[in-house]
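Enquirer: curious how this folds, go ahead:
(chains A, B, C and D)
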2 protein chains.
Amino acid sequence: MQASEISTAATRQSAGEIAILKAAIRLFSENGFDGVSMRSVAEIAGVSKANIYHHFASKEALYLAIMQESAQKLSVLVDNLEEGDGDFEQRLRVFAQGHLDHLFGNASTLRLILREVFSGDDEKGRVLVEQVVGGILLRLFEIFKEGQEAGVLRAGLDPALCAMLLLGVDLFYFQSHGMLKHIPQAGFALQREQYSREMMDVILNGMLVQDVEAGVQQ
Amino acid sequence: MQASEISTAATRQSAGEIAILKAAIRLFSENGFDGVSMRSVAEIAGVSKANIYHHFASKEALYLAIMQESAQKLSVLVDNLEEGDGDFEQRLRVFAQGHLDHLFGNASTLRLILREVFSGDDEKGRVLVEQVVGGILLRLFEIFKEGQEAGVLRAGLDPALCAMLLLGVDLFYFQSHGMLKHIPQAGFALQREQYSREMMDVILNGMLVQDVEAGVQQ
DNA sequence: ATACTGACCGACCGTACGGTCAGTGTATTT
DNA sequence: AAATACACTGACCGTACGGTCGGTCAGTAT
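Expert: The predicted structure follows:
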């Protein structure tokens, strides 16, 4: 009944190492790289600081390990879109509906990666693409490209751009829902489902081919 | 209306103090609060560390001073954004492009504010949002509202949501282009104008009433 | 019994941090 | 000429940082 065998398959992980990773993911996602000390990680994890250096070569190495583990968690999102049944449009609509919830379900993980993505640093951006999120995005682009070849996505559009728009709309909400609540006019942002539904209504209507009325009335 | 004397009127500033503020804005916007040391600020500003403490009570006080100056600067600049004088669609395209240019034109200042809004506590965030985002959102909101009353914007849509989508698309690019440009498949992200144009193609197509095919070929 | 392994720890190192303080140099006021 | 005001500095303080080191201890294979 324990959830203790999550990723122990690939590399054997001691209880301490798992605790370290868990503590690090929480602290780094909340406070960023510079805002976290190895001492605080050790304390939260309930191990000695020296033990962290037994498992990880440096603070940077620990950070990178967490980033990659996090990216792996997020790739499940694309799996859902890839493996769903129905045609592209149906899968896309289901995906769009649940995507935002999924993001919030992996809040710590996502915050960690977004912090890096939005840092604006060129070098970090490159490393991020090459080692962390590049593969996920390419798979997403490919799915949209197939959707276009199937005649569902409008012909003139860049599939990658459409994918990023869909992704960006949800990421934007994930990042800024706290502040959106303070804007009086933005009543649509009070509830996640409402935001997702109305936003997806606009952008799907904007990029899908209009054969019949595409269920966009209300 | 010159933008050259923003805050020199209220309090006399010595050359050293100006250099400190300038250095601090650059460093804090690039590296965040925890990633900047008072020593590095002093070095870049070309003054002693003690001199910073002569002008500012603490690191927090320096950071706060910069935040306030930046927020004020941004809110003033936003008011000068061009809007275009053509039809509804043309106005929005000009506005979106101008807004995006505006974001990049004040990159350091903006990054500073965004960091605080997205990761700071609610209280500070709310003040900043009201001061910086409020004005521009309201202007866009009015444009969309007029468009809807004129029958150009689809009737079921929330004008505030449309405004938020447009701003979000620009903001998302500002924050993520450092990563996007390292993805070969995301060629649309290499040039600002191209990104803005193609994104607007999609979302305008999703928002506007479809009388004819809305001129989205290239 | 012995030898070996790997998880783990307390104590420590050099450095950099935020912040303080006594004092210097230089204008302006009296 | 003396006094006041203020921008500015070098040296210093206590603390916390990332990282290292010698060593303990349980498990295990020989």
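
Enquirer: where does residue A:4 land on pLDDT?
Expert: Here the pLDDT value assigned to residue A:4 is 33.

Enquirer: no no, residue A:8
Expert: Looking at residue A:8, the pLDDT reads 34.

Enquirer: which residues are in contact with stretch A:135-143?
Expert: A:71, A:74-75, A:77-78, A:81-82, A:88, A:129, A:159-160, A:163, A:167, B:183, B:185-186 (C-beta atoms under 8 Å, 6 or more residues apart in numbering or on different chains). The way it works is simple: take the backbone N, C-alpha and C, and place the C-beta from them, glycine included.

Enquirer: equivalent analysis for stretch A:121-130, please.
Expert: By C-beta under 8 Å, 6+ apart, stretch A:121-130 touches A:113, A:116-117, A:119, A:134, A:137, B:178-179, B:181-183.

Enquirer: CA-only coordinates of it in CSV, if you can.
Expert: In CSV, the C-alpha atoms belonging to stretch A:121-130 read as follows (Å, rounded to 0.1, in the frame of the first residue of the first chain):
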residue,chain,number,x,y,z
ASP,A,121,18.8,34.0,-19.7
ASP,A,122,20.1,32.9,-23.1
GLU,A,123,22.3,30.1,-21.8
LYS,A,124,19.7,28.7,-19.5
GLY,A,125,17.2,28.8,-22.4
ARG,A,126,19.5,26.7,-24.5
VAL,A,127,20.2,24.1,-21.8
LEU,A,128,16.5,24.0,-21.1
VAL,A,129,15.7,23.2,-24.7
GLU,A,130,18.5,20.7,-25.2
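
Enquirer: pLDDT on that stretch, on average?
Expert: On average, stretch A:121-130 scores 89.

Enquirer: may I see the buried residues of that stretch?
Expert: A:121, A:124-125, A:127-129 (16 or more other C-beta atoms under 10 Å in any protein chain shown).

Enquirer: mark which of the residues you listed are part of helices, please.
Expert: Using DSSP state H, the subset of the buried residues of stretch A:121-130 located in helices is A:124-125, A:127.

Enquirer: in the longest helix along chain A, what's buried?
Expert: Longest helix of chain A, by residue count under DSSP H: helix A:59-83. Within helix A:59-83, the residues that qualify as buried are A:59, A:62-67, A:70-71, A:73-74, A:77-78, A:81, counting by 16+ other C-beta under 10 Å.

Enquirer: how close does residue A:50 get to DNA strand D?
Expert: 4 Å (C-beta to the nearest atom of the strand, to the nearest Å).

Enquirer: can you give me phi and psi for that residue?
Expert: phi -60, psi -30 (degrees, to the nearest 10).

Enquirer: what's the pLDDT at it?
Expert: So, for residue A:50, pLDDT stands at 96.

Enquirer: next, count neighbours for it.
Expert: 9 (other C-beta atoms under 10 Å in any protein chain shown).

Enquirer: now the residue of chain A found nearest chain B, nearest residue through space, not along the chain?
Expert: Per C-beta to the nearest C-beta, residue A:206 is where chain A lies closest to chain B, at 2.6 Å. The shortest distance from residue A:206 to any non-neighbouring residue, by C-beta to C-beta, 6 or more residues apart in numbering or on different chains, is to residue B:206 (2.6 Å).

Enquirer: who in chain A is up against DNA strand C?
Expert: A:12, A:14-17, A:46-51, A:54-55 (C-beta under 7 Å from any atom of the strand).

Enquirer: which among those residues count as buried?
Expert: Here, 16+ other C-beta under 10 Å leaves A:16-17, A:47, A:51, A:55 buried among the residues of chain A next to DNA strand C.

Enquirer: pick the one among these closest to DNA strand C.
Expert: residue A:16 (2.4 Å; C-beta to the nearest atom of the strand).

Enquirer: before we move on, back to that, just flag the most distant two among the residues of chain A next to DNA strand C.
Expert: Distance extremes for those: the farthest pair is A:12 and A:49 at 22.3 Å, using C-beta to C-beta.

Enquirer: possible to save the contacts of stretch A:121-130 as JSON lines with neighbour count and distance to DNA strand D?
Expert: Below are the contacts of stretch A:121-130 laid out as JSON lines (neighbours: other C-beta atoms under 10 Å in any protein chain shown; distance: C-beta to the nearest atom of the strand, whole Å):
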{"residue": "A:113", "neighbour count": "20", "distance to DNA strand D": "20"}
{"residue": "A:116", "neighbour count": "21", "distance to DNA strand D": "17"}
{"residue": "A:117", "neighbour count": "22", "distance to DNA strand D": "22"}
{"residue": "A:119", "neighbour count": "23", "distance to DNA strand D": "18"}
{"residue": "A:134", "neighbour count": "19", "distance to DNA strand D": "26"}
{"residue": "A:137", "neighbour count": "20", "distance to DNA strand D": "30"}
{"residue": "B:178", "neighbour count": "21", "distance to DNA strand D": "24"}
{"residue": "B:179", "neighbour count": "27", "distance to DNA strand D": "25"}
{"residue": "B:181", "neighbour count": "17", "distance to DNA strand D": "29"}
{"residue": "B:182", "neighbour count": "18", "distance to DNA strand D": "26"}
{"residue": "B:183", "neighbour count": "20", "distance to DNA strand D": "30"}
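
Enquirer: can you flag which of those residues belong to helices?
Expert: A:113, A:116-117, A:134, A:137, B:178-179.

Enquirer: how about residue A:106, phi and psi?
Expert: phi -120, psi 50.

Enquirer: picking up where we left off before, how close does the residue of chain A closest to chain B get to residue A:29?
Expert: Distance, residue A:206 to residue A:29, by C-beta to C-beta, to the nearest Å: 33 Å.

Enquirer: comparing the two, which residue is more hemmed in?
Expert: Taking other C-beta under 10 Å, residue A:206 and residue A:29 do not tie; residue A:206 has more neighbours (24 against 20).

Enquirer: please tell me how far that one sits from residue B:16.
Expert: 53 Å.

Enquirer: same thing with residue A:19?
Expert: The value you get for residue A:19 to residue B:16, if C-beta to C-beta is used, is 49 Å.

Enquirer: and for residue A:47?
Expert: Taken as C-beta to C-beta, the span from residue A:47 to residue B:16 is 47 Å.

Enquirer: show me the shaky parts of chain A.
Expert: A:1-12, A:211-218 (pLDDT under 70).

Enquirer: how about the helices in it?
Expert: Under DSSP H, chain A gives helices at A:15-31, A:38-45, A:49-55, A:59-83, A:88-105, A:107-117, A:122-127, A:134-149, A:159-180, A:192-207.

Enquirer: make TSV out of these and add distance to residue B:151.
Expert: TSV is the format used below for those (distance: least, C-beta to C-beta, whole Å):
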stretch	distance to residue B:151
helix A:15-31	46
helix A:38-45	58
helix A:49-55	63
helix A:59-83	36
helix A:88-105	28
helix A:107-117	39
helix A:122-127	43
helix A:134-149	31
helix A:159-180	26
helix A:192-207	17
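
Enquirer: I'm done for today, thanks for sticking with me.
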